[in-house]
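Peer 1: no sequence for this one, just the structure:
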């Protein structure tokens, strides 16, 4: 009996992952490698699309080095990837620019100018408060005109890699709908480029890729790449999705009212809805189109929440590192054990843990801060207050979601990512939000979502929403403590009110030059 496998490729900012899955969602083989990256100067982050391609082909060849898997059994190859950024290609599909991500800040001023010029229209049509794709185009056009002239299409990273694997002509360059919110120049309701916004900002539509659905077969694996990867040519290539919406499919977030907490280095908190409501009043939610037609994910991002945990551990955790070395426990588990003994509200200690600034709503100048500490506060108070601060940030967005979708019952949160391992943090967030939290039973949600999208594309799965729900299994439940929830409400209000009160202080600090 012939076996069927799907090969999934996820192109992250930090890691490239390639996995082979069977049609029951089991990962048969998985390989990862660090993504190529250069930091030549502060605020400059450079990644090479060609280097990504080399890593992908090498990883595919590595996962295929399995005597139980035959090339003829691979039914499809599907792609997901980092969502913020752009790469320019010429008419022969050569990379003219590097892959410039949202972390590369050189185009930020163009995003700011776009929102000043047409912010409300961008929010209504594209669903974003801070675009990252079109500002890259304007940056190259303005500051590198000779490079800009060579560019035939501006792509996202997964579209660039898929096109090279299929030897696509530039006319077949594509982007799937889940990326459209990032562009700032698309009409996400109509799945098309906005004539109005493109004209207003002088962006040529002929340099933009075709918009397709996630399940579109965009081409077939070409012979040369197939030979380099240890595959046969002609395997269908599936468009796939952005890494976050792919992960949400993998986690079964396909029912309106379900929420998901991606507790990762760069966290996200999202709601599944059956309609699009632009967030004109609060300017907080980013509306990501789902791979499922008619569904959207209103989302907030936390820049570096998981990274903040790492910073705290590395800066203040020498004792925990020593105990971990002696006991084999995780430093985070040891910090959790101590912080668990602290009462909700950290004995009056309030933190702002957004060390990279606030993104949604956009408030980049207000960063890390602790308020209210005294001689009775210990390290574990500071740690717990950081955990609580991110829960308060979620509560702010949760209130915006309820305001924008008043008739939608918001009933549970599914938590994924490295932070999902913390029982304490899951319980804190459940208590603050007053919602059940459910930890799922696996970690590979983006690749699994890729597999489900590809399986639907080639007819293995009839109903993408249904199969996603079937594959999502809960490992552990957390239910809110009503007393704690009541107690946390005042802290949530205090957290929200802090930003307006301290903004001028941070802006003044920013003006003071650093000592040399």
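Peer 2: Cool, got the structure. Here the structure is a predicted model, which is why all the values come from computation and not from measurement.

Peer 1: What strands flank the host helix or strand of residue 175, and is each parallel or antiparallel?
Peer 2: Element membership of residue 175, judged by DSSP states H and E, is strand 174-176. Each strand paired with strand 174-176, and its direction, by DSSP bridges: strand 210-212 (parallel).

Peer 1: hang on, the earlier thing: run the chain-centre distance for the strand holding residue 175.
Peer 2: Chain-centre distance of strand 174-176: 17 Å, with CA atoms, centre = their mean, to the nearest Å.

Peer 1: What average pLDDT does it get?
Peer 2: In this model, strand 174-176 carries a mean pLDDT of 98.

Peer 1: What of stretch 147-155?
Peer 2: The average pLDDT for stretch 147-155 rounds to 97.

Peer 1: can you list contacts of the strand holding residue 175?
Peer 2: Residues from elsewhere that reach strand 174-176, judged by CB atoms under 8 Å, 6 or more residues apart in numbering: 155-156, 159, 162-163, 209-214, 216, 218, 239-242, 291. The way it works is simple: take the backbone N, C-alpha and C, and place the C-beta from them, glycine included.

Peer 1: surely residue 192 meets residue 211?
Peer 2: Yes - the pair residue 192 / residue 211 is scored as a contact, 6.3 Å apart, by CB atoms under 8 Å.

Peer 1: of these two, who's got more company?
Peer 2: Neighbour comparison, residue 192 and residue 211: the larger count goes to residue 211, with 20 against 14 (by other CB atoms under 10 Å).

Peer 1: what's across from the more buried one in the sheet?
Peer 2: Each beta-bridge partner of residue 211 is listed here: residue 175, as defined by DSSP bridges.

Peer 1: Distance of it relative to residue 218?
Peer 2: With distances taken as CB to CB, to the nearest Å, residue 211 is found 12 Å from residue 218.

Peer 1: what does residue 496 give?
Peer 2: Relative to residue 218, residue 496 is positioned 44 Å away (criterion: CB to CB).

Peer 1: related to what we said a few turns ago, which residues are in contact with both of residue 192 and residue 211?
Peer 2: Common contact partners of residue 192 and residue 211 (CB under 8 Å, 6+ apart): residue 186.

Peer 1: which helix is the longest one in this structure?
Peer 2: The longest helix of the chain (DSSP state H) is helix 482-511.

Peer 1: In ChimeraX, how would I select the buried members of the contacts of strand 174-176?
Peer 2: The following ChimeraX line selects those of these that are buried, judged by 16 or more other CB atoms under 10 Å:
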select :155,156,159,162,163,209,211,212,213,214,216,218,239,240,241,242,291
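
Peer 1: hang on, the earlier thing: run me through the strand neighbours of the helix or strand following the strand holding residue 175, direction for each.
Peer 2: Next along the chain after strand 174-176, taking DSSP H and E as the criterion, comes strand 186-187. Taking DSSP bridges as the criterion, strand 186-187 forms sheet pairs with strand 192-193 (antiparallel).

Peer 1: how far does the partner strand sit from the chain's center?
Peer 2: Going by CA atoms, centre = their mean, the spacing between the C-alpha centre of strand 192-193 and its chain's C-alpha centre is 22 Å.

Peer 1: One more: stretch 296-303?
Peer 2: Here stretch 296-303 shows a centroid-to-chain-centroid distance of 8 Å under the convention CA atoms, centre = their mean.

Peer 1: Poorly predicted segments of this structure, please.
Peer 2: Using pLDDT under 70 as the threshold, the predicted model of the chain has low-confidence ranges 1-2.

Peer 1: tell me, what residue is most central in it?
Peer 2: Compute the mean C-alpha point of the chain, and by CA atoms, centre = their mean the closest residue is residue 244, 4.3 Å away.

Peer 1: Which strands or helices does the helix or strand harbouring that one pack on?
Peer 2: Applying DSSP H and E as the criterion places residue 244 in helix 243-250. Helix 243-250 is packed against strand 5-11, strand 74-81, strand 258-262, strand 267-271, strand 286-289, strand 296-302, helix 445-457, helix 464-471, with contacts defined by 3 or more CB pairs under 8 Å, 6 or more residues apart in numbering; DSSP states H and E.

Peer 1: Does the fourth one pack against any helices or strands, and if so which?
Peer 2: Pointing back at strand 267-271 there. For strand 267-271, the contact count by 3+ CB pairs under 8 Å, 6+ apart identifies helix 243-250, strand 258-262, strand 296-302, helix 379-404 as packing neighbours.

Peer 1: Nearest to residue 103, out of the ones you listed?
Peer 2: strand 296-302 (12.1 Å; CB to CB).

Peer 1: and residue 439, what element?
Peer 2: With DSSP H and E as the criterion, the answer for residue 439 is strand 437-440.

Peer 1: Which elements pack onto that strand?
Peer 2: Counting by 3+ CB pairs under 8 Å, 6+ apart, the elements that strand 437-440 packs against turn out to be strand 412-416, helix 423-433, strand 474-478.

Peer 1: so can I have TSV of these showing mean neighbour count and distance to residue 485?
Peer 2: Conversion of the helices and strands packed on strand 437-440 to TSV gives the following (neighbours: other CB atoms under 10 Å; distance: least, CB to CB, whole Å):
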stretch	mean neighbour count	distance to residue 485
strand 412-416	22	14
helix 423-433	23	5
strand 474-478	14	12
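
Peer 1: Same list (these) but as a markdown table, adding distance to residue 173.
Peer 2: A markdown table is the format used below for those (distance: least, CB to CB, whole Å):
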| stretch | distance to residue 173 |
| --- | --- |
| strand 412-416 | 31 |
| helix 423-433 | 40 |
| strand 474-478 | 40 |
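
Peer 1: for those, which one sits closest to residue 354?
Peer 2: Taking CB to CB as the criterion, helix 423-433 is the member of the helices and strands packed on strand 437-440 that comes nearest to residue 354, at 15.9 Å.

Peer 1: Give the other helices and strands that the closest one contacts.
Peer 2: Packed against helix 423-433, as judged by 3+ CB pairs under 8 Å, 6+ apart, are the following elements: helix 331-339, helix 379-404, strand 412-416, strand 437-440, strand 474-478, helix 482-511.

Peer 1: Just the residues contacting it, thanks.
Peer 2: Residues outside helix 423-433 that contact it (CB under 8 Å, 6+ apart): 261, 263, 336, 339-340, 344, 384, 387-388, 390-392, 394-395, 398, 413, 415, 419-420, 436-437, 439, 476, 478-481, 484-485, 488, 492.

Peer 1: swap in stretch 354-372?
Peer 2: Applying CB under 8 Å, 6+ apart, the set of residues contacting stretch 354-372 from outside is 129-130, 282-286, 299-305, 307-308, 311, 348-353, 382, 385, 389, 393, 397, 498-499, 502-503, 506-507, 510.

Peer 1: Pull the distance from it to the chain's centre.
Peer 2: Using CA atoms, centre = their mean, the distance from the centre of stretch 354-372 to the centre of the chain it belongs to is 19 Å.

Peer 1: do the same with stretch 134-147
Peer 2: Relative to the mean C-alpha coordinate of its chain, stretch 134-147 is positioned 25 Å out (CA atoms, centre = their mean).
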